[in-house]
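*Asks:* 3D, please:
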Amino acid sequence: MSSLIQQLNGELSAVVALAQQSLVQVGNGRRGAGAGVIVRPDGLILTNAHVIVGDRIDVILPDKQTLPAQVLAIDGELDLALLSVGAKNLPALALGDSQTLSAGELVLALGHPWGVTGAVSAGPVISVGRPLEMGDRSNEYVQAGLVLRPGHSGGPMIDTQGRLVGVNTMITGPQVGLAVPVNVVKNFLDDALQKMKVYY
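*Replies:* The predicted structure is shown next:
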């Protein structure tokens with residue numbers, strides 16, 4: 001049994017290490033950093049809308065390079081924002097499918113809680129949908145039994161294959177973290193890129 005646990009630990013550690021290459025810090029030069037995730041090699045980064053504070057947004061890449069970021073799209077209701085930085089060949093995280101998540105499936109949330117860069121929290125999926133405690137008007141979320149703290153916001157929630165299944169956004173209890181489902185994120189990303197084609 002111990003060898004099986006060791007194998008599982010090794011596999012999860014490798015998945016996390018790969019995902020951390022796509023994890024960035026997002027800040028405005030004055031306050032603590034939130035998190036973001038690289039979704040395209042040409043410098044597109046997803047984060048939470050509530051992480052974007054002030055006029056100057058900086059992104060710190062995993063190699064510690066700090067770059068100014070441009071806000072391409074923001075949706076306060078979904079709590080999503082799309083940023084762009086002047087860099088190429090970045091390690092983008094693969095997008096998963098939040099509709100295939102099942103209750104009990106293990107997910108991991110990455111971020112920078114209280115300034116601890118690249119930290120990981122893990123727990124089971126509770127459900128995917130509208131949280132009952134938030135009422136019928138709530139958006140859909142991936143609800144997971146894990147700890148999110150300040151600094152996790154905007155970071156990736158991944159499955160055990162290292163694919164993005166949500167963007168960390170808030171908590172509803174001591175051990176309940178919510179993420180914007182990746183299928184919602186895909187629609188937001190597609191809409192933003194389509195509008196960019198219109199303007200450019």
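
*Asks:* I figured Leu108 hits Leu12, correct?
*Replies:* Yes - judged on CB atoms under 8 Å, Leu108 makes contact with Leu12 at a distance of 7.5 Å. For the C-beta atoms, the positions are set from N, CA and C on the backbone; glycine is no exception.

*Asks:* What is the burial count for Leu67?
*Replies:* Using other CB atoms under 10 Å, Leu67 has 17 other residues around it.

*Asks:* which residues does it contact?
*Replies:* Leu67 sits next to 58-59, 61, 85-87 when contact means CB atoms under 8 Å, 6 or more residues apart in numbering.

*Asks:* Please apply the same query to Gln70.
*Replies:* 57, 83-85.

*Asks:* What is the three-state secondary structure of it?
*Replies:* Taken by DSSP: H, G, I helix; E, B strand; the rest coil, the conformation at Gln70 corresponds to strand.

*Asks:* Kindly report the same for Asn9.
*Replies:* Put simply, Asn9 is helix when judged by three-state DSSP.

*Asks:* helices or strands up against the helix or strand harbouring Val59?
*Replies:* Using DSSP states H and E, Val59 sits in strand 57-60. The contact analysis (3 or more CB pairs under 8 Å, 6 or more residues apart in numbering; DSSP states H and E) places strand 57-60 against strand 23-27, strand 66-75, strand 80-85.

*Asks:* and it, which strands flank it?
*Replies:* strand 23-27 (antiparallel), strand 66-75 (antiparallel) (DSSP bridges).
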